[in-house]
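In: Using only what follows, build the 3D model:
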Amino acid sequence: MFILANFISAVAHILDILFTILYWLIIIRALISWVNPDPNNAIVQFLYKVTEPILEPIRNRMPLNFRFGIDISPIIVILVIMFLRSFLIKSLFDLSMWVRFR
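Out: The predicted structure follows:
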């Protein structure tokens with residue numbers, strides 16, 4: 001059973017790293033949006049290509065009367081990422097420990 005426990009633990013580690021990278025990419029994109037970046041810049045294009053598929057569905061689901069001039073979709077995504085890191089990752093680690101010592 002230790003192989004399954006190690007697999008679950010490895011998946012949890014990889015997900016934690018991916019969530020952390022996504023967290024920082026969204027924060028960087030939000031900060032860059034304040035300064036009117038050059039859309040032809042390779043870094044700006046990369047940030048938009050990586051984060052837009054995550055932010056756009058949230059923007060589309062927000063009611064029109066809730067949009068008040070600033071884009072709060074990065075805040076919502078960051079809160080979801082924080083929840084997933086707190087709940088999903090810790091649950092996977094606990095599951096791997098349970099499988100290991102069962």
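In: Please tell me how far the nearest residue to residue 23 once chain neighbours are set aside sits from residue 98.
Out: Nearest non-adjacent residue to residue 23, counting by CB to CB, 6 or more residues apart in numbering: residue 81, 5.0 Å away. For every residue, glycine as well, the C-beta is placed using N, CA and C. Look at residue 81 and residue 98: by CB to CB, to the nearest Å, they are 25 Å apart.
In: Out of these two, name the residue with the larger neighbour count.
Out: Taking other CB atoms under 10 Å, residue 81 and residue 98 do not tie; residue 81 has more neighbours (17 against 12).
In: residues touching the more buried one, list them.
Out: By CB atoms under 8 Å, 6 or more residues apart in numbering, the contact set of residue 81 is 19, 22, 23, 26.
In: Export whatever helix or strand residue 95 lives in to PDB, keeping only CA atoms.
Out: For residue 95, the element it lies in under DSSP states H and E is helix 90-100. The C-alpha atoms that make up helix 90-100 are tabulated as PDB, following Å, rounded to 0.1, in the frame of the first residue of the first chain:
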ATOM      1  CA  LYS A  90      -4.300  18.700   2.900                       C
ATOM      2  CA  SER A  91      -7.000  16.100   2.300                       C
ATOM      3  CA  LEU A  92      -4.800  14.300  -0.200                       C
ATOM      4  CA  PHE A  93      -1.800  14.300   2.200                       C
ATOM      5  CA  ASP A  94      -4.100  13.000   5.000                       C
ATOM      6  CA  LEU A  95      -5.400  10.300   2.600                       C
ATOM      7  CA  SER A  96      -1.900   9.300   1.700                       C
ATOM      8  CA  MET A  97      -1.000   9.000   5.400                       C
ATOM      9  CA  TRP A  98      -4.100   7.000   6.100                       C
ATOM     10  CA  VAL A  99      -3.300   4.600   3.200                       C
ATOM     11  CA  ARG A 100       0.300   4.300   4.400                       C
END
